[in-house]
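A.B. asks: Fold the following, please.
(one chain, ligands or ions: 1)
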Amino acid sequence: MIELNGFGKDYGDFTAVDCIDMKIEAGEVFGFIGPNGAGKSTSIRFLATLLKASRGDGTVAGHSVSRDPMAVRRVVGYMPDNFGVYDGMRVWEFLDFFAVAYQIRKEARKRIISEVLELLDLSHKRDDFVNGLSRGMKQRLCLAKTLVHDPPVLILDEPASGLDPRARVEVKALLKELRRMGKTILISSHILTELADCCTSIGIIERGKILMHGPIDSVYRQLRRNRVLEVSFLENQDAGLSILRSSEALRSLDVIGDKATAEMETDDEGMAQLLERMLAEGVRVRKFNDKDPTLEDVFMTVTKGLVS
Ligand SMILES: Nc1ncnc2c1ncn2[C@@H]1O[C@H](COP(=O)(O)OP(=O)(O)OP(=O)(O)O)[C@@H](O)[C@H]1O
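C.D. replies: Numbers count the residues shown, from 1 in each chain. Now for the predicted structure:
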(Lines give C-alpha, C1' and ligand atoms only; values in the text may rest on other atoms or scores of the structure.)
Protein backbone atom coordinates (compact mmCIF):
# COMPACT_ATOMS: atom_id res chain seq x y z
CA MET A 1 0.00 0.00 0.00
CA ILE A 2 2.92 2.34 0.75
CA GLU A 3 6.34 1.96 -0.83
CA LEU A 4 9.56 3.91 -0.92
CA ASN A 5 11.87 2.87 -3.72
CA GLY A 6 15.39 4.26 -3.46
CA PHE A 7 13.96 7.47 -2.00
CA GLY A 8 16.51 10.07 -1.00
CA LYS A 9 16.49 13.74 -0.08
CA ASP A 10 19.33 16.26 0.08
CA TYR A 11 19.13 19.73 1.57
CA GLY A 12 22.00 21.48 -0.22
CA ASP A 13 25.11 19.39 0.48
CA PHE A 14 23.47 17.60 3.36
CA THR A 15 21.92 14.19 2.78
CA ALA A 16 18.91 13.95 5.09
CA VAL A 17 17.68 10.65 3.64
CA ASP A 18 20.09 8.45 1.73
CA CYS A 19 18.41 5.95 -0.54
CA ILE A 20 15.76 4.01 1.29
CA ASP A 21 13.44 1.16 0.40
CA MET A 22 10.42 0.41 2.50
CA LYS A 23 7.22 -1.53 1.93
CA ILE A 24 4.03 -1.38 3.99
CA GLU A 25 1.24 -3.85 3.22
CA ALA A 26 -2.46 -2.97 3.28
CA GLY A 27 -4.01 -3.04 6.75
CA GLU A 28 -0.71 -2.62 8.59
CA VAL A 29 -0.05 -0.17 11.38
CA PHE A 30 3.56 0.70 10.66
CA GLY A 31 5.60 2.43 13.36
CA PHE A 32 8.33 4.62 11.93
CA ILE A 33 10.93 5.16 14.60
CA GLY A 34 14.31 6.79 14.83
CA PRO A 35 16.22 9.36 16.86
CA ASN A 36 15.76 13.11 16.35
CA GLY A 37 16.90 14.22 12.93
CA ALA A 38 16.96 10.66 11.54
CA GLY A 39 14.84 11.50 8.50
CA LYS A 40 11.33 10.43 9.53
CA SER A 41 9.52 13.68 8.80
CA THR A 42 11.41 14.11 5.54
CA SER A 43 10.26 10.67 4.33
CA ILE A 44 6.74 11.26 5.61
CA ARG A 45 6.46 14.68 3.98
CA PHE A 46 7.56 13.18 0.69
CA LEU A 47 4.86 10.48 0.93
CA ALA A 48 2.33 13.22 1.72
CA THR A 49 3.43 14.96 -1.54
CA LEU A 50 4.77 18.02 0.29
CA LEU A 51 8.40 17.56 -0.62
CA LYS A 52 10.22 16.61 -3.82
CA ALA A 53 12.60 13.65 -3.83
CA SER A 54 16.25 14.21 -4.74
CA ARG A 55 16.32 10.62 -5.99
CA GLY A 56 14.04 7.60 -6.16
CA ASP A 57 10.28 7.59 -5.80
CA GLY A 58 7.47 6.11 -3.75
CA THR A 59 3.97 4.83 -4.33
CA VAL A 60 0.79 5.03 -2.30
CA ALA A 61 -2.03 2.66 -3.27
CA GLY A 62 -0.19 2.16 -6.56
CA HIS A 63 0.09 5.88 -7.44
CA SER A 64 3.52 7.37 -7.99
CA VAL A 65 4.20 10.10 -5.45
CA SER A 66 6.39 12.09 -7.86
CA ARG A 67 4.38 11.61 -11.04
CA ASP A 68 0.80 11.62 -9.76
CA PRO A 69 0.68 13.60 -6.50
CA MET A 70 -3.00 14.52 -6.91
CA ALA A 71 -3.99 10.83 -6.96
CA VAL A 72 -1.86 10.27 -3.85
CA ARG A 73 -3.57 13.16 -2.03
CA ARG A 74 -6.95 11.58 -2.64
CA VAL A 75 -5.94 8.34 -0.90
CA VAL A 76 -3.90 9.81 1.96
CA GLY A 77 -4.92 11.47 5.19
CA TYR A 78 -1.87 13.33 6.52
CA MET A 79 -1.36 14.72 9.99
CA PRO A 80 1.79 16.85 10.27
CA ASP A 81 3.94 17.01 13.40
CA ASN A 82 3.38 20.75 13.73
CA PHE A 83 -0.26 21.11 12.90
CA GLY A 84 -1.98 24.42 12.67
CA VAL A 85 -5.63 25.02 13.31
CA TYR A 86 -7.29 28.15 12.05
CA ASP A 87 -8.36 30.51 14.81
CA GLY A 88 -11.75 32.16 14.58
CA MET A 89 -13.28 29.02 13.10
CA ARG A 90 -15.72 26.71 14.76
CA VAL A 91 -14.97 22.99 14.93
CA TRP A 92 -17.52 22.05 12.28
CA GLU A 93 -16.33 24.88 10.00
CA PHE A 94 -12.76 23.65 10.25
CA LEU A 95 -13.81 20.19 9.08
CA ASP A 96 -16.12 21.65 6.43
CA PHE A 97 -13.20 23.68 5.07
CA PHE A 98 -11.19 20.50 4.46
CA ALA A 99 -14.22 18.64 3.13
CA VAL A 100 -14.72 21.41 0.55
CA ALA A 101 -11.02 21.20 -0.35
CA TYR A 102 -11.55 17.51 -1.02
CA GLN A 103 -14.52 18.40 -3.25
CA ILE A 104 -17.06 16.56 -1.13
CA ARG A 105 -20.58 17.61 -2.10
CA LYS A 106 -22.59 19.79 0.31
CA GLU A 107 -25.26 17.12 1.01
CA ALA A 108 -22.61 14.59 2.07
CA ARG A 109 -20.48 17.02 4.10
CA LYS A 110 -22.89 17.42 7.01
CA ARG A 111 -23.21 13.65 7.47
CA ILE A 112 -19.45 13.06 7.17
CA ILE A 113 -18.63 15.80 9.66
CA SER A 114 -21.07 14.32 12.19
CA GLU A 115 -19.52 10.88 11.69
CA VAL A 116 -15.92 11.96 12.18
CA LEU A 117 -16.84 14.12 15.17
CA GLU A 118 -18.50 11.11 16.74
CA LEU A 119 -15.55 8.83 15.97
CA LEU A 120 -13.15 11.31 17.55
CA ASP A 121 -15.49 11.95 20.47
CA LEU A 122 -15.82 15.65 19.62
CA SER A 123 -19.53 15.87 18.84
CA HIS A 124 -20.14 17.99 21.95
CA LYS A 125 -17.55 20.52 20.67
CA ARG A 126 -19.09 20.92 17.23
CA ASP A 127 -19.95 24.62 17.64
CA ASP A 128 -16.97 25.61 19.81
CA PHE A 129 -14.20 27.82 18.48
CA VAL A 130 -11.12 25.84 17.50
CA ASN A 131 -8.73 28.11 19.43
CA GLY A 132 -10.63 27.42 22.66
CA LEU A 133 -9.96 23.66 22.50
CA SER A 134 -7.42 21.93 24.72
CA ARG A 135 -4.26 20.59 23.08
CA GLY A 136 -5.58 17.03 23.17
CA MET A 137 -8.81 18.11 21.51
CA LYS A 138 -6.97 20.10 18.85
CA GLN A 139 -4.91 17.02 18.12
CA ARG A 140 -8.08 14.95 17.81
CA LEU A 141 -9.60 17.60 15.56
CA CYS A 142 -6.51 17.42 13.37
CA LEU A 143 -6.91 13.67 13.16
CA ALA A 144 -10.58 14.21 12.32
CA LYS A 145 -9.67 16.39 9.36
CA THR A 146 -7.41 13.65 7.97
CA LEU A 147 -10.49 11.40 7.83
CA VAL A 148 -13.07 13.60 6.08
CA HIS A 149 -12.35 12.18 2.60
CA ASP A 150 -12.28 8.61 4.00
CA PRO A 151 -8.74 7.84 2.81
CA PRO A 152 -7.52 4.23 2.93
CA VAL A 153 -4.06 5.42 4.04
CA LEU A 154 -3.24 7.55 7.07
CA ILE A 155 0.17 9.13 7.53
CA LEU A 156 0.54 10.51 11.03
CA ASP A 157 3.66 12.36 12.15
CA GLU A 158 3.93 12.21 15.95
CA PRO A 159 0.17 12.26 16.57
CA ALA A 160 0.53 11.82 20.32
CA SER A 161 3.32 14.28 21.03
CA GLY A 162 2.68 16.66 23.88
CA LEU A 163 -0.39 14.82 25.09
CA ASP A 164 -1.01 13.77 28.66
CA PRO A 165 -1.17 10.03 29.45
CA ARG A 166 -4.96 9.83 29.24
CA ALA A 167 -5.05 11.57 25.86
CA ARG A 168 -2.33 9.20 24.62
CA VAL A 169 -4.32 6.18 25.63
CA GLU A 170 -7.23 7.67 23.68
CA VAL A 171 -5.03 8.13 20.59
CA LYS A 172 -3.94 4.49 20.88
CA ALA A 173 -7.54 3.30 21.14
CA LEU A 174 -8.34 5.39 18.08
CA LEU A 175 -5.53 3.86 16.08
CA LYS A 176 -6.86 0.41 16.90
CA GLU A 177 -10.33 1.47 15.80
CA LEU A 178 -8.97 2.93 12.54
CA ARG A 179 -7.07 -0.27 11.88
CA ARG A 180 -10.24 -2.26 12.48
CA MET A 181 -11.87 -0.03 9.85
CA GLY A 182 -9.26 -1.32 7.40
CA LYS A 183 -7.00 1.73 7.18
CA THR A 184 -3.30 1.34 6.48
CA ILE A 185 -1.48 3.55 8.96
CA LEU A 186 2.06 4.92 9.01
CA ILE A 187 2.79 6.55 12.32
CA SER A 188 5.97 8.08 13.63
CA SER A 189 6.56 8.46 17.33
CA HIS A 190 9.30 8.81 19.88
CA ILE A 191 7.23 7.07 22.46
CA LEU A 192 8.16 3.49 21.87
CA THR A 193 5.90 1.87 24.43
CA GLU A 194 3.05 3.54 22.64
CA LEU A 195 3.93 2.06 19.29
CA ALA A 196 4.70 -1.41 20.64
CA ASP A 197 1.07 -1.77 21.68
CA CYS A 198 -0.53 -0.93 18.41
CA CYS A 199 1.92 -1.55 15.54
CA THR A 200 1.98 -4.62 13.36
CA SER A 201 5.27 -3.68 11.73
CA ILE A 202 8.06 -1.19 12.28
CA GLY A 203 10.88 0.53 10.46
CA ILE A 204 13.91 1.93 12.25
CA ILE A 205 15.72 4.82 10.60
CA GLU A 206 18.97 6.48 11.64
CA ARG A 207 21.02 9.08 9.77
CA GLY A 208 18.79 8.73 6.73
CA LYS A 209 19.20 4.96 6.42
CA ILE A 210 16.73 2.20 7.24
CA LEU A 211 18.45 -0.09 9.72
CA MET A 212 15.70 -2.64 9.99
CA HIS A 213 12.09 -3.03 8.92
CA GLY A 214 9.39 -5.66 8.84
CA PRO A 215 6.67 -7.31 10.92
CA ILE A 216 7.22 -6.54 14.58
CA ASP A 217 7.58 -10.23 15.55
CA SER A 218 10.24 -10.85 12.95
CA VAL A 219 12.18 -7.75 14.00
CA TYR A 220 12.11 -9.03 17.58
CA ARG A 221 13.20 -12.50 16.45
CA GLN A 222 16.13 -11.16 14.43
CA LEU A 223 17.45 -9.46 17.53
CA ARG A 224 16.82 -12.35 19.77
CA ARG A 225 20.03 -14.33 19.58
CA ASN A 226 20.41 -13.93 23.31
CA ARG A 227 17.21 -14.38 25.22
CA VAL A 228 16.47 -13.53 28.78
CA LEU A 229 15.09 -16.30 30.97
CA GLU A 230 13.48 -15.48 34.32
CA VAL A 231 13.07 -18.38 36.74
CA SER A 232 11.57 -18.33 40.24
CA PHE A 233 12.22 -21.44 42.29
CA LEU A 234 9.80 -23.03 44.71
CA GLU A 235 11.97 -26.00 45.76
CA ASN A 236 15.48 -27.30 44.99
CA GLN A 237 16.83 -23.95 43.91
CA ASP A 238 20.46 -25.14 44.19
CA ALA A 239 19.84 -27.97 41.75
CA GLY A 240 18.07 -25.57 39.41
CA LEU A 241 20.95 -23.10 39.52
CA SER A 242 23.54 -25.79 38.87
CA ILE A 243 21.55 -26.93 35.80
CA LEU A 244 21.59 -23.34 34.58
CA ARG A 245 25.32 -22.93 35.31
CA SER A 246 26.20 -26.17 33.51
CA SER A 247 24.31 -25.15 30.38
CA GLU A 248 26.55 -24.32 27.43
CA ALA A 249 24.00 -21.71 26.35
CA LEU A 250 24.42 -19.62 29.52
CA ARG A 251 25.99 -16.18 28.93
CA SER A 252 25.25 -14.48 32.25
CA LEU A 253 23.37 -15.22 35.45
CA ASP A 254 21.98 -12.98 38.20
CA VAL A 255 20.40 -14.46 41.30
CA ILE A 256 18.39 -12.44 43.80
CA GLY A 257 16.61 -14.49 46.48
CA ASP A 258 14.57 -17.17 44.76
CA LYS A 259 14.74 -15.44 41.38
CA ALA A 260 17.31 -16.08 38.67
CA THR A 261 17.73 -14.05 35.49
CA ALA A 262 19.78 -15.86 32.87
CA GLU A 263 20.94 -14.64 29.49
CA MET A 264 20.96 -17.67 27.21
CA GLU A 265 22.12 -18.06 23.64
CA THR A 266 19.68 -20.71 22.55
CA ASP A 267 16.47 -21.37 20.62
CA ASP A 268 12.94 -22.47 21.61
CA GLU A 269 14.04 -26.13 21.68
CA GLY A 270 16.92 -25.30 24.04
CA MET A 271 14.56 -23.49 26.41
CA ALA A 272 12.11 -26.40 26.42
CA GLN A 273 14.92 -28.90 27.18
CA LEU A 274 16.18 -26.78 30.04
CA LEU A 275 12.76 -26.77 31.70
CA GLU A 276 12.41 -30.53 31.14
CA ARG A 277 15.77 -31.14 32.80
CA MET A 278 14.86 -29.07 35.83
CA LEU A 279 11.57 -30.86 36.29
CA ALA A 280 13.20 -34.28 35.77
CA GLU A 281 15.73 -33.49 38.51
CA GLY A 282 13.07 -32.54 41.01
CA VAL A 283 13.39 -28.76 40.75
CA ARG A 284 10.03 -27.09 41.29
CA VAL A 285 9.57 -23.73 39.60
CA ARG A 286 6.96 -21.08 40.22
CA LYS A 287 7.86 -19.10 37.13
CA PHE A 288 9.81 -19.96 33.98
CA ASN A 289 9.51 -17.00 31.69
CA ASP A 290 11.25 -16.44 28.37
CA LYS A 291 11.12 -12.63 28.54
CA ASP A 292 10.18 -10.85 25.31
CA PRO A 293 12.34 -7.91 24.33
CA THR A 294 10.62 -4.54 24.36
CA LEU A 295 10.56 -2.13 21.47
CA GLU A 296 12.95 -0.03 23.53
CA ASP A 297 15.43 -2.95 23.66
CA VAL A 298 15.15 -3.29 19.88
CA PHE A 299 15.61 0.43 19.34
CA MET A 300 18.65 0.65 21.61
CA THR A 301 20.25 -2.42 20.01
CA VAL A 302 19.67 -1.30 16.43
CA THR A 303 20.39 2.43 16.64
CA LYS A 304 23.74 3.75 17.66
CA GLY A 305 22.47 7.07 18.95
CA LEU A 306 24.57 8.88 16.39
CA VAL A 307 21.98 11.51 15.56
CA SER A 308 20.92 14.18 17.97
N1 LIG B 1 14.30 22.27 5.21
C2 LIG B 1 15.45 21.76 5.67
N3 LIG B 1 16.64 22.32 5.36
C4 LIG B 1 17.80 21.80 5.80
N5 LIG B 1 17.89 20.70 6.58
C6 LIG B 1 16.72 20.09 6.91
C7 LIG B 1 15.46 20.59 6.49
N8 LIG B 1 14.49 19.77 6.98
C9 LIG B 1 15.13 18.82 7.70
N10 LIG B 1 16.48 19.01 7.65
C11 LIG B 1 17.49 18.16 8.29
O12 LIG B 1 17.32 16.83 7.80
C13 LIG B 1 17.53 15.89 8.85
C14 LIG B 1 16.30 15.01 8.96
O15 LIG B 1 15.24 15.79 9.46
P16 LIG B 1 13.79 15.18 9.76
O17 LIG B 1 12.93 16.32 10.19
O18 LIG B 1 13.35 14.37 8.60
O19 LIG B 1 14.14 14.23 10.99
P20 LIG B 1 13.13 13.47 11.98
O21 LIG B 1 13.60 12.05 12.03
O22 LIG B 1 11.72 13.71 11.59
O23 LIG B 1 13.49 14.17 13.35
P24 LIG B 1 12.53 14.56 14.61
O25 LIG B 1 12.23 13.27 15.29
O26 LIG B 1 13.44 15.42 15.42
O27 LIG B 1 11.34 15.26 14.07
C28 LIG B 1 17.85 16.69 10.09
O29 LIG B 1 19.25 16.74 10.24
C30 LIG B 1 17.29 18.07 9.79
O31 LIG B 1 18.04 19.07 10.45
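A.B. asks: Please make it C-alpha for all contacts and neighbour counts, starting now.
C.D. replies: Noted.
A.B. asks: how about low-confidence regions in the stretch 51-200 of the chain?
C.D. replies: Within the stretch 51-200 of the chain, the segments meeting pLDDT under 70 span 83, 85.
A.B. asks: Where do the strands of it begin and end?
C.D. replies: Taking DSSP state E, counting those that start in this stretch to define them, one finds strands in the stretch 51-200 of the chain at 55-60, 63-64, 76-79, 153-157, 184-188.
A.B. asks: As TSV, the ones you listed with mean neighbour count and distance to Val298 would be great.
C.D. replies: Formatted as TSV, these follow (neighbours: other Cα atoms under 10 Å; distance: least, Cα to Cα, whole Å):
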stretch	mean neighbour count	distance to Val298
strand 55-60	20	27
strand 63-64	19	32
strand 76-79	24	26
strand 153-157	24	21
strand 184-188	25	16
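A.B. asks: Quick check: residues of the stretch 1-150 of the chain near the ligand?
C.D. replies: By Cα under 6 Å from any ligand atom, the residues of the stretch 1-150 of the chain that approach the ligand are 11, 16, 35-42.
A.B. asks: Swap in 8 Å and give it another go.
C.D. replies: By the rule Cα under 8 Å from any ligand atom, the part of the stretch 1-150 of the chain lying against the ligand is 10-12, 14-17, 33-44, 81.
A.B. asks: In helices, which of the residues you listed appear?
C.D. replies: Judged by DSSP state H, helices contain the following of those: 40-44.
A.B. asks: Nearest to Thr184, out of those: which one, please.
C.D. replies: Ile44 (14.1 Å; Cα to Cα).
A.B. asks: Test my guess that the closest one contacts Ile155.
C.D. replies: Yes - counting by Cα atoms under 8 Å, Ile155 is a contact partner of Ile44 at 7.2 Å.
A.B. asks: Can you name the residue of the stretch 51-200 of the chain nearest to the ligand?
C.D. replies: His190 (7.0 Å; Cα to the nearest ligand atom).
A.B. asks: And for that residue, nearest residue in space, chain neighbours not counted?
C.D. replies: Setting aside the residues directly before and after it, His190 is nearest to Ile33 in space (Cα to Cα, 6 or more residues apart in numbering), at 6.6 Å.
A.B. asks: for the one you found, which residues make a bridge with it?
C.D. replies: Listed by DSSP bridges, the beta-bridge partners for Ile33 are Ile204.
A.B. asks: One more: Met22?
C.D. replies: Note on Met22: beta-bridge partners by DSSP bridges are Leu4.
A.B. asks: roughly how far apart are it and Val255?
C.D. replies: Counting by Cα to Cα, to the nearest Å, the separation of Met22 from Val255 is 43 Å.
A.B. asks: Would you mind giving the ones in helices among the residues of the stretch 1-150 of the chain next to the ligand as JSON lines with pLDDT and neighbour count added?
C.D. replies: Output for those, formatted as JSON lines (pLDDT from 0 to 100; neighbours: other Cα atoms under 10 Å):
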{"residue": "Lys40", "pLDDT": "93", "neighbour count": "27"}
{"residue": "Ser41", "pLDDT": "93", "neighbour count": "18"}
{"residue": "Thr42", "pLDDT": "95", "neighbour count": "21"}
{"residue": "Ser43", "pLDDT": "96", "neighbour count": "23"}
{"residue": "Ile44", "pLDDT": "96", "neighbour count": "22"}
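A.B. asks: Report all helices and strands that the longest helix anywhere in the chain contacts.
C.D. replies: In the chain, taking DSSP H as the definition, the longest helix is helix 165-180. Counting contacts by 3 or more Cα pairs under 8 Å, 6 or more residues apart in numbering; DSSP states H and E, helix 165-180 is packed against helix 192-198.
A.B. asks: Pull out the buried positions in the helix it packs on.
C.D. replies: Neighbour counts over helix 192-198 (16 or more other Cα atoms under 10 Å) mark 192, 194-196, 198 as buried.
A.B. asks: Same check on stretch 205-219?
C.D. replies: If you call a residue buried by 16+ other Cα under 10 Å, then stretch 205-219 has these buried ones: 205-210, 212-216, 219.
A.B. asks: ok so, going back, so how far is the longest helix of the chain from its chain's centroid?
C.D. replies: Counting by Cα atoms, centre = their mean, to the nearest Å, helix 165-180 is centred 12 Å from the centre of its parent chain.
A.B. asks: Nice, that's everything, thank you.
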